[in-house]
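A.B. asks: Provided below are the primary sequence and the corresponding predicted coordinates.
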Amino acid sequence: KFLAAAFQPGLTGLKVSPINTSTRITFVVGKNGSLSWSKLRSDANGGEPAESSPKPARAPLNIAGLGAPAKRVAPPPPIEEYDIMAVRAVVQKYIDTESVLMFRTSTCRFCDRVNQLFTEKVGTGHFRTVDVSDRPDMRAELAVISGRTSVPAVFIKGEFIGGANDGGMGGVVPLNGSGELDRLLTQAGVTLL
């Protein structure tokens, strides 16, 4: 089975659900912020839409409950067919072998903030970053492992700590503010600067 992920109006994240290999779901964000979708089944209907959203779907996308329409960006690259177990094993190996690990994308300002914080705390050679900007397969498997799709996704000694401000144990920045991040890093055997 493969995973399909898509933003839905009014939600603050991605909905991830299994689909079969003969189904393709296409989502389109209109100029006015509307979201429409169609589900194609290549086997049953010769590629004709099997289902589609009501026309038009006019609910603006809402990011993190801020109430403002989302910034329009290019859609992520489509997830091509991939070996789920092999990719999941690669992601899990990173998590299991690195003392401090951050999955990130190259354009994420929250990732930059966490990277800066770790550089100041432990130095550049004492934590590992994995850029998943061009790896939708790794992001999909990271979502299965961590239960969330956003980055940064930070792990210390195999435990999901969270992102910059939320998730896991509450996020890197709040944990740093409470002093808990120092304890977790020391407990992981990382020397603080």
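C.D. replies: Alright, I've got the coordinates.
A.B. asks: mind listing the helices for the chain?
C.D. replies: Under the criterion DSSP state H, the chain carries helices at the ranges 84-97, 109-122, 136-146, 172-178, 180-187.
A.B. asks: Take the ones you listed and write them to CSV, including distance to Ile161, mean neighbour count and mean pLDDT.
C.D. replies: Any C-beta I mention is one placed from the backbone N, CA and C, and that applies to glycine too. CSV is the format used below for these (distance: least, C-beta to C-beta, whole Å; neighbours: other C-beta atoms under 10 Å; pLDDT from 0 to 100):
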stretch, distance to Ile161, mean neighbour count, mean pLDDT
helix 84-97, 11, 14, 94
helix 109-122, 10, 17, 95
helix 136-146, 10, 20, 91
helix 172-178, 6, 17, 96
helix 180-187, 7, 16, 95
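A.B. asks: closest one to Thr129 among the ones you listed?
C.D. replies: helix 109-122 (6.4 Å; C-beta to C-beta).
A.B. asks: so who does Gly123 touch?
C.D. replies: By C-beta atoms under 8 Å, 6 or more residues apart in numbering, the contact set of Gly123 is Leu193.
A.B. asks: From Gln187, how far out is it?
C.D. replies: Using C-beta to C-beta, to the nearest Å, one gets 18 Å for the distance from Gly123 to Gln187.
A.B. asks: where does this structure have low pLDDT?
C.D. replies: 1-79 (pLDDT under 70).
A.B. asks: redo that, cut-off 80
C.D. replies: Within the chain, the set of residues satisfying pLDDT under 80 comprises 1-80.
A.B. asks: where along it do the strands fall?
C.D. replies: Using DSSP state E, the strands of the chain run over residues 2-7, 14-19, 23-29, 35-41, 49-52, 100-104, 128-131, 153-156, 159-162.
A.B. asks: What about Gly179, how many residues nearby?
C.D. replies: 9 (other C-beta atoms under 10 Å).
A.B. asks: Could you tell me how far it is located from Pro136?
C.D. replies: Using C-beta to C-beta, which is the criterion applied here, Gly179 is 36 Å from Pro136.
A.B. asks: cool, Val154 as well?
C.D. replies: Val154 sits at a distance of 20 Å from Pro136 (criterion: C-beta to C-beta).
A.B. asks: Please apply the same query to Val91.
C.D. replies: Taking C-beta to C-beta as the measure, Val91 and Pro136 are separated by 13 Å.
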